[in-house]
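> Starting from these lines, generate the structure:
(chains A and B)
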Amino acid sequence: MTPLVRQFRDFFVSLKLTVVLLALSIVLIFWATLAQVQLGIWGVQEKFFHTFFVLENIPGTAIPVPVFPGGYFLGGLLILNLVAAHLYRFKLEWKKAGIQLTHLGLILLLLGELITSLQQVESNMRLPEGGTMRYSESYRINELAILDTTNPEFNEVVAIPEAVLADGGSIQHPKLPFQIRIRDYYPNAALAMRDQAPLPEFATSVAGSAKGAGSRPEQNSGQIPGGQQAATGPLATAGIGPRVAVTPLRLTYKQDERNAPAAHLEFVGPEGTLGTWLVSPLLGMPQKFDYAGRTWEIALRFKRYYYPFALTLIDFTHEKYAGTDIPKNFASRIHLKTDDAREDREVLIYMNNPLRHAGLTFYQASFEKGDKVSILQVVRNPGWVLPYIACIMMGLGLLVQFGIHLLGFVRKRAAAAAVANSG
Amino acid sequence: MNRWIPLIVLILAAGWLASSLRPQKNAGAMDLAAFGRLPVLVNGRLKPLDTVARTSLLMLQGRQRVSDPTVSEPFVATPAEWLADVLFNPAKADTYPTFRLSATDSPELLTLMGITEADTKIRYDSAILRTLALADFVPGTRTRFSFNQLQPKLAELDRQAQLAEPIDPQLRTGFQKAVVQLRERVMLYQRLKHSVQMPDSAGFLAEILRFQQGLPAGITAVRARQKGEPHDEAAFQALLAAAERYDIMDKHGYLLTIPPDASEPSPTAWRTAGHVLLETFETQSLNPNVMAYAALGSAWRGREAGQFNEIVRLFREQLGKRFGPQLAKSDVETRFNSAEPFYKSMQLYAVAFLLALCSWLRWPAVLGRSAFYLTLLAFVATTAGIATRMWLEGRPPVTNLYSSALFVGWGSVGLCLILEKTYRNAIGSVAAGVIGFVTLLIAHHLSLSGDTLEMMRAVLDTNLWLATHVVVVTIGYAATFLAGFLALIYVGRGVLTRSLDQGTADALARMVYGIVCFATLCSLIGTVLGGIWADQSWGRFWGWDPKENGAVMIVLWNAIILHARWGGLVRQRGLMGLAIFGNIITSWSWFGTNMLGVGLHSYGFMDAAFYWLLTFVLTQVAVIALAQLPLAKWRSFQNKPA
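Numbering: from 1, shown residues only, chains lettered A, B, ... in the order given. The predicted model follows:
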């Protein structure tokens, strides 16, 4: 073994590395906890944990530089350190069983967290009483949906992720007889009817927020000045767009708010432009137009996940403690019916009692409109079972390990006491 | 002889503790003890009036005694007597100084409420008291004021509070916070006054009897008026006035005093007196329970003890038909309130601490053993207290920040007792004394915000997880604190005294190591269990919520201590420094994360607590710095060959 390789090995199996990594993790977590007040829980996860490096802009510029190792970096090195140390020092001994089990559990836990961060999909399902839903909606990701509704039996849907809109340029899709040119895009924008928002004032408000947005570090900021179109007149020529004024807003990171993007899209056929539409999830309804003998609907909406089963809300109950507004329980009585009719049953979803079905978990998350609408959180997490196994392994491992310590200590003391007594 | 002294100490202390369990005696002829045991429904829980009285006084003025420094006797003998005055004789209660307004909290608030230095300055007649006041042994300024003193400026208070309320609580200035808090206190007081009668009524019993008599005529008048026929205008107006008054009582009444009718299936459907009086318009007969409270009020104001006691007895008898078990709980809770097991334990911990400390200097066997017994006794008393709370609430021990403070203390002291039993060097007793005392003191301050037996919000409402995750994690806090505290003893004794011999030092190092192992186990398992709970209740194992982050920081820190020791990166002194830093991390996780005001777990924002936390952190940093002194400067190691 060359000295270099040995140095390399010694570095990766050392306890010093473990301690340093753990200490860095504590600093990272503490920093992220403080940052949460500003960034919100999602922003923090992206900036600190689901990343290799924590990036900060050089003051006064928009150039990000790594300033601290991120969650992936520290977690990855920890796993490496753990595995290397165990392989290097591995001995099949009862005395080591506890430690080995604990660390194996820890590796599993870290892997589980990695799988979760990569694979987990969270969405919401809004169910009015008596209503049936076959899909859930993301509350952070949007998509541009273009529906061919010509056939009354079914719709053909083309869904384009928001990220593609953010990139700008134009989109051509084999299922669409036209090209989509992205005229402008705002990651978060408010809408108002033009006749209700006096134009001159509105123009200043747009200019003001554009200036405010300019100092923001996100890469989207470059597109904000396009928002000044509101001052010069509507960009949209078709649909509801010409009557709506768009005010770009800063991105929000608050947990109870979500960003509503807006975009102006020009549809272009071989014979020329079909018009420019404004799209935003705030518009509520899709906009219709006819082209090439077919009827089309366009909507920028929260990304939808369709399922091969339907949920119907039979009843939502919201109990409070007597004489107070403190919630005691929320419960949704749901009818679950799969397309293949294998399952057709009633389930009760309430606090701490989710429904697990088809790799998805449905939780009681919230409610709306005087207890008439139930909101379920829908989570797909293929790694959900790993923490359970890891927990058992680590608990057992530590018990064994510290049990051995304690036993040794008691024996030693007993022996010492015996010596003292006989002496 | 020496063998008997600790036993005598134990018996005396046990006797003192047991004496607190005897039933409450009444100061006068009125059976206020029985009155205090009557249950009412407040904030979703059926509780005795005694509890309502105590928690209300704590919320209004931060203490249960109603007194003024210049008046030798308290205004009322018990909190229940104060509540009786508030409910039945508000004109008198309005003169009691029960609102805390202090220049140290907010001088602007005093100005707003028109309270001048002439009101706050206390002039003692005796020269001795004046001297003591200068040295701050007796209060030099008045900090409690009566409702009557505040009344002229209430409209202004309301205006200022309305200005302050739209502002995010964390962004409010000291004045705005004080304004909002005082308004909440005034509201609470006013709502209490509206609970069983209209506060301005000269005689509420006579008033509602008159109302009942005039009811048929009034209803006839209303019907005639609706049809546009001639009607008795006076009867109509009387009915209208009554309806308005009872509506005010229903809207403002704080206590749900009227039990559900026999026909009502839900045992929690208690109502306010005002609500039930409004129902009279339909039923046309007065509810006997409303009448009972009104009659109780008239007997109280007339000082008719016989009648008062008889009504209380009959009302209770009536309640017993349906609410027997609840009455029994109510009785136990009242007894628990007056026994004050946590306050008594605090005193025991203080004495135990002093005895154990002295045992390091003199009579180690006698004092050490006595301290151990007192700690044990205090531990038994807190155990009984926590068990009673669990039984009353039907919940695992930790349900809110207050109970977590109790439990952290309980867990630490339990571990200390084991250490003391093993090592018998009084270190366990010293640690137990301080940790027990401080955690109970923290708990006391947390109890000032109201009833500590709260109802659990839906998301937290699962006994399985409260019993596992919360309990285990809290024991993890307790153990981490204990390790840190033992390390403080090590540094304190080593640097400042000559008493840390090698044997003691090694014993302390073994204790710290053992406790850190235990802390690692509990905090790791507790944290992962918390993740599993989160997975069960809102669909994600880990969400980087501040409280979760705090918990995982404790786990990581304990892991660092263990790995640093196993890897030989630290020796005894380094181990101690790391363990003390564990105190900082744990206090951050326990209290600091709640001060951020974000996340699902934040169950209370505390301002004053922030400065205490900061102070605590600074002291810990100072001790860690102290531990960095070269060993030659440590008094205990000075004269030894290094």
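> longest strand of chain A?
Ranked by residue count under DSSP state E, the longest strand found in chain A is strand A:294-320.
> What mean pLDDT does it get?
Strand A:294-320 carries an average pLDDT of 89.
> Report the buried residues of that strand.
A:296-303, A:307, A:309, A:311-313, A:316 (16 or more other CB atoms under 10 Å in any protein chain shown). Every residue, glycine included, has its C-beta placed from N, CA and C.
> in the stretch 51-200 of chain A, which spans are helices?
A:71-89, A:94-119, A:162-167, A:199-214 (DSSP state H, counting those that start in this stretch).
> re the thing from before, what pairs with the longest strand of chain A, parallel or antiparallel?
strand A:132-148 (antiparallel), strand A:287-291 (antiparallel), strand A:327-338 (antiparallel) (DSSP bridges).
> Contacts only, for residue 75.
Defaulting to chain A. A:L110, A:E113, A:L114 (CB atoms under 8 Å, 6 or more residues apart in numbering or on different chains).
> The chain in question should be chain B.
By CB under 8 Å, 6+ apart, the contact set of B:F75 is B:V66, B:S67, B:D68, B:W82, B:Y96, B:P97.
> of the residues you listed, closest to chain A?
Closest approach to chain A among these (CB to the nearest CB): B:W82, at 22.6 Å.
> Helix or strand with the lowest mean pLDDT in chain A?
helix A:199-214 (a mean of 38; mean pLDDT, DSSP states H and E).
> got the phi/psi numbers for the residue of the stretch 1-150 of chain B found nearest chain A?
Residue of the stretch 1-150 of chain B nearest chain A, by CB to the nearest CB: B:G44 (2.8 Å). Phi and psi for B:G44, reported as degrees, to the nearest 10, are phi 80, psi 0.
> right, and it touches A:P327 too?
No: assessed by CB atoms under 8 Å, B:G44 is found out of contact with A:P327, at 10.5 Å.
> Need the overlap of contacts for those two.
In terms of CB under 8 Å, 6+ apart, B:G44 and A:P327 are both contacted by the residues A:K320.
> Regarding A:F362, what is its secondary structure?
strand (DSSP: H, G, I helix; E, B strand; the rest coil).
> my read is B:R395 is in a helix, agree?
No: B:R395 is assigned coil when assessed by three-state DSSP, not a helix.
> Check what pLDDT it gets.
85.
> That one contacts B:T452, correct?
No: assessed by CB under 8 Å, B:R395 is found out of contact with B:T452, at 11.8 Å.
> what does the stretch 301-423 of chain A put close to chain B?
With the criterion set to CB under 8 Å from any CB of the partner chain, the stretch 301-423 of chain A comes near chain B through A:320-324, A:326-330, A:351-354, A:361, A:363, A:365, A:377, A:379, A:381, A:384, A:387-388, A:390-391, A:394-395, A:398-399, A:402, A:405-406, A:409, A:413.
> Which members of these are positioned in helices?
In helices, judged by DSSP state H, the following of those are found: A:387-388, A:390-391, A:394-395, A:398-399, A:402, A:405-406, A:409, A:413.
> Pull out the buried residues from whichever strand or helix holds B:I311.
Secondary-structure assignment from DSSP states H and E places B:I311 in helix B:305-339. For helix B:305-339, the buried set under the neighbour-count rule, 16+ other CB under 10 Å, comprises B:308-309, B:311-312, B:315-316, B:319, B:323, B:326-327, B:329-331, B:333-339.
> Just the closest of the buried residues of strand A:294-320 to B:N148, please.
The nearest member of the buried residues of strand A:294-320 to B:N148, counting by CB to CB, is A:F316 at 49.2 Å.
> Next up, the contacts around the residue nearest to the residue of the stretch 1-150 of chain B closest to chain A when sequence neighbours are not counted.
Nearest residue to B:G44, sequence neighbours excluded (CB to CB, 6 or more residues apart in numbering or on different chains): A:Y321, at 2.8 Å. Contacts here follow CB under 8 Å, 6+ apart; on that basis A:Y321 touches A:K328, B:N43, B:G44, B:R45, B:T268, B:M455.
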